[in-house]
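K.L.:
have a look; sequence and predicted model below, questions after that.
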Amino acid sequence: MQFYEIPDSLRAEIDELERLIQRYRQGDLAAAKFKPYRVPFGIYEQRTPETYMTRIRCTGGGIKPAQLKKVALLAQQYGAETIHITTRQELQIHDVRLEDIPIILRELLTVGLSTRGGGGNTVRNIMVSWDAGITPDEPFDVTPYAVSLTSMLIREADSWTLPRKYKISFSNTEKDNGHSVFNDLGFIARKEGGVKGFQVYVAGGMGSTPQVGQVLHPFIPAAQVYRVAEAVKKVFDRHGNRKNKHAARLRFLWNKLG
């Protein structure tokens, strides 16, 4: 199973990032202007000077053995050997030199992995309940829906230029162990009349001003997942706060507009 499809645009975007890295290292591009390009690629500065972390997208924490082996080899060759697993079910390679990042990104591309959306004001890694597909309590496995939604959203240009991060999660039961009610958009699996679908929550979040999400739709057929996610994204893109990042998350827009 492939956990997302790489957009056709990614190779050219990596080429452009490499050119910007070269300009930055030569002193032709200021750090403040370089940051908005590297962070949406999941590339963050570390406390140790001249070292970086890169965060790899893994929808629902899913990764194939060959992909995991590639990540381990890249970490061993270009960074710290220990791979970090994030709370959003991604992988991080630490202690990477900036000049090695284009090499890492192209090597990841060969096994169908990307760091695009690992940070910044983007569609972030989509989460899935840890027991999806294996618990007898679930109405159905939500993993394929998260995978499909990821593939559709990451090929759209406006997914990388949002007012703030856009976090989505799928839970397979009403226990909500995917924490869907604490995401910007959350889908909780259910069936109505034998039809697969979801209860949809919006505008949840953690951080310094946590908020439980609101019910956006008591039930939608599963086929409408993308339409809902895209509609919420477009409202957020059009009306979100781009002036104050501390009031820019989707929950602030919900509280303003209702």
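P.N.:
Yes, it's here. Numbering: from 1, shown residues only.

K.L.:
could you measure from Leu109 over to Pro49?
P.N.:
Applying CB to CB, to the nearest Å, the value for Leu109 to Pro49 is 28 Å. (Each C-beta comes from the backbone N, C-alpha and C, glycine too.)

K.L.:
so which of these two has more stuff around it?
P.N.:
Neighbours per residue (other CB atoms under 10 Å) separate Leu109 from Pro49, with Leu109 holding more: 15 against 6.

K.L.:
contact partners for the residue lying closest to Trp254 once chain neighbours are set aside?
P.N.:
Excluding the flanking residues, the one nearest Trp254 by CB to CB, 6 or more residues apart in numbering is Ala203, at 3.6 Å. With contact taken as CB atoms under 8 Å, 6 or more residues apart in numbering, Ala203 is in contact with 184, 211, 213-214, 250-251, 253-255.

K.L.:
then Val181?
P.N.:
Per CB under 8 Å, 6+ apart, neighbours of Val181: 201, 204, 212-213.

K.L.:
what about the helices in the stretch 151-258 of the chain?
P.N.:
Counting by DSSP state H, counting those that start in this stretch, the stretch 151-258 of the chain has helices at residues 225-239, 250-257.

K.L.:
now the longest one and helix 250-257, what's the angle there?
P.N.:
Helix 225-239 and helix 250-257 meet at an angle of 70 degrees, taking axes from the mean of the first three to the mean of the last three CA atoms, to 10 degrees as the criterion.

K.L.:
can you say which of the contacts of Ala203 are buried?
P.N.:
In those, burial by neighbour count holds for 184, 211, 213, 250-251, 253-254, counting by 16 or more other CB atoms under 10 Å.

K.L.:
okay if I get those as TSV plus pLDDT and distance to Thr150?
P.N.:
Formatted as TSV, the buried ones among the contacts of Ala203 follow (pLDDT from 0 to 100; distance: CB to CB, whole Å):
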residue	pLDDT	distance to Thr150
Asp184	98	15
Gln211	94	24
Gly213	97	20
Leu250	96	18
Arg251	96	22
Leu253	95	23
Trp254	95	23
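
K.L.:
next, give me the two most distant ones among those.
P.N.:
Farthest pair in the buried ones among the contacts of Ala203 (CB to CB) is Gly213 and Leu253. Separation: 12.9 Å.

K.L.:
going along the chain, name the helices of the stretch 1-150 of the chain.
P.N.:
10-26, 31-38, 65-78, 101-109, 143-153.

K.L.:
what is the shortest one packed up against?
P.N.:
What it means is helix 31-38. Counting contacts by 3 or more CB pairs under 8 Å, 6 or more residues apart in numbering; DSSP states H and E, helix 31-38 is packed against helix 10-26.

K.L.:
I'm done for today, thanks for sticking with me.
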